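Enquirer: I'd like to go over a predicted model; first the sequence, then the structure.
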Amino acid sequence: MLTGAQIRAARALLRWSADDLAKHAKLGVATVRRAEATDGPPSITEANGEAVRAALEKAGVEFINSDQPGVKLIKNAKGVAEISQQIDALEDKISSIPAPTEPSPEAAMNTMRKAVAESDLTKLKTRRKRIRSERSK
């Protein structure tokens with residue numbers, strides 16, 4: 001369970017106002033303020049707490065709930081869904097690059113563009129795999 005202190009800290013890491021969090025969680029700003037009012041468990045419904053958690057995690061916050069609850073910001077955090085969309089777009093781009101038929105400057109550029117896109121694709125797939133494995137722990 002999140003604490004009000006964790007929600008405040010997560011918002012600070014993201015540099016979000018209470019209005020920003022309310023918008024991303026699809027809640028009222030009064031609900032966000034009520035959730036942050038105490039250091040302990042927030043006085044909001046479980047569903048609203050999950051909406052707050054989901055919005056903050058989607059933005060790249062990781063909640064740490066060991067003996068001392070805290071938060072940390074995941075560098076370059078993107079959700080798996082967003083990365084998957086980028087992967088699909090790159091795969092489409094790669095398939096649309098024509099195969100060289102004869103040597104020419106244009107064919108060489110297309111070969112280079114395809115290689116760069118394939119490298120980016122590999123990086124995105126690796127990042128998505130890492131995020132999925134971290135979330136399953």
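Expert: That came through fine. Residues are numbered from 1 along each chain as shown.

Enquirer: quick one: the helix ranked longest in the chain to chain centroid distance?
Expert: Taking residue count as the measure and DSSP state H as the definition, the longest helix of the chain comes out as helix 105-135. Per C-alpha atoms, centre = their mean, to the nearest Å, the displacement of helix 105-135 from the mean C-alpha position of its chain is 19 Å.

Enquirer: Could you check that helix and say which residues are buried?
Expert: Residues of helix 105-135 classed as buried under the neighbour-count rule (16 or more other C-beta atoms under 10 Å) are 114, 117, 121, 124, 127-128, 131. All C-beta spots, glycine's among them, are computed from the backbone N, C-alpha and C.

Enquirer: Repeat that for stretch 22-36.
Expert: Neighbour-count burial for stretch 22-36 [16+ other C-beta under 10 Å]: 22, 24-25, 27, 31-32, 34-36.

Enquirer: Give me the three-state assignment for the residue in the chain sticking out farthest from the centre.
Expert: In the chain, counting by C-alpha atoms, centre = their mean, residue 102 sits farthest out from the average C-alpha position, at 42.7 Å. Assigned with DSSP: H, G, I helix; E, B strand; the rest coil, residue 102 falls in the coil class.
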